[in-house]
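[1] heads up, no residue letters with this:
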């Protein structure tokens, strides 16, 4: 009897291996070979699922988007608006190693998408979903104010703080304090 293979699970396993390579070595070192080695697969077996590095990275980024979305949707939120907004945003920013790896994958698409339309499409999905989340949160932060302007500023602040952490200019704790300060300003 032939072996039944769960292709979805195998693709997710490979996406997790991409995340581990990025966390350990950075996005520049992601290749078919490095991910195959990390996952314990042969390069040929990996190419059955992903023919190019770009396809592999795009899938890994899609997985990150889906993981973050799922975490946010499952989150039990406190009644306090400030605390609820902060709890949601903490699911999206690099406050620990796992979320830092997710952010590195997602933000790597800013540069990668410049030369590859398929990767640019993934980056646009990431950007659009984060903006949509910020727009939802803005309605709670400024119920009587300009939610659209608040959403744009919130998105810029979250992305900017994330970039500062990824670049090593802020620690995760400093980022959280600055995000809290921004939320205080918005709600004042």
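    Received the coordinates, thanks. Everything numeric in this text was worked out from a predicted model, so none of it was measured. Numbering: from 1, shown residues only.
[2] Please name every helix or strand in contact with the longest helix seen in the chain.
    For the chain, the helix reaching the highest residue count under DSSP state H is reported as helix 117-141. Taking 3 or more C-beta pairs under 8 Å, 6 or more residues apart in numbering; DSSP states H and E as the contact definition, the neighbouring helices and strands of helix 117-141 are helix 53-74, helix 81-90, helix 97-112, helix 147-166, helix 172-187. All C-beta spots, glycine's among them, are computed from the backbone N, C-alpha and C.
[3] possible to save those helices as a markdown table with mean pLDDT, mean neighbour count and distance to residue 128?
    Formatted as a markdown table, the entries for the helices and strands packed on helix 117-141 read as follows, by pLDDT from 0 to 100; neighbours: other C-beta atoms under 10 Å; distance: least, C-beta to C-beta, whole Å:
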| stretch | mean pLDDT | mean neighbour count | distance to residue 128 |
| --- | --- | --- | --- |
| helix 53-74 | 87 | 18 | 10 |
| helix 81-90 | 95 | 17 | 17 |
| helix 97-112 | 82 | 19 | 12 |
| helix 147-166 | 95 | 18 | 10 |
| helix 172-187 | 96 | 15 | 21 |
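[4] Now tabulate these in JSON lines and tack on distance to residue 138.
    Converted to JSON lines, the helices and strands packed on helix 117-141 look like this (distance: least, C-beta to C-beta, whole Å):
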{"stretch": "helix 53-74", "distance to residue 138": "15"}
{"stretch": "helix 81-90", "distance to residue 138": "9"}
{"stretch": "helix 97-112", "distance to residue 138": "21"}
{"stretch": "helix 147-166", "distance to residue 138": "4"}
{"stretch": "helix 172-187", "distance to residue 138": "8"}
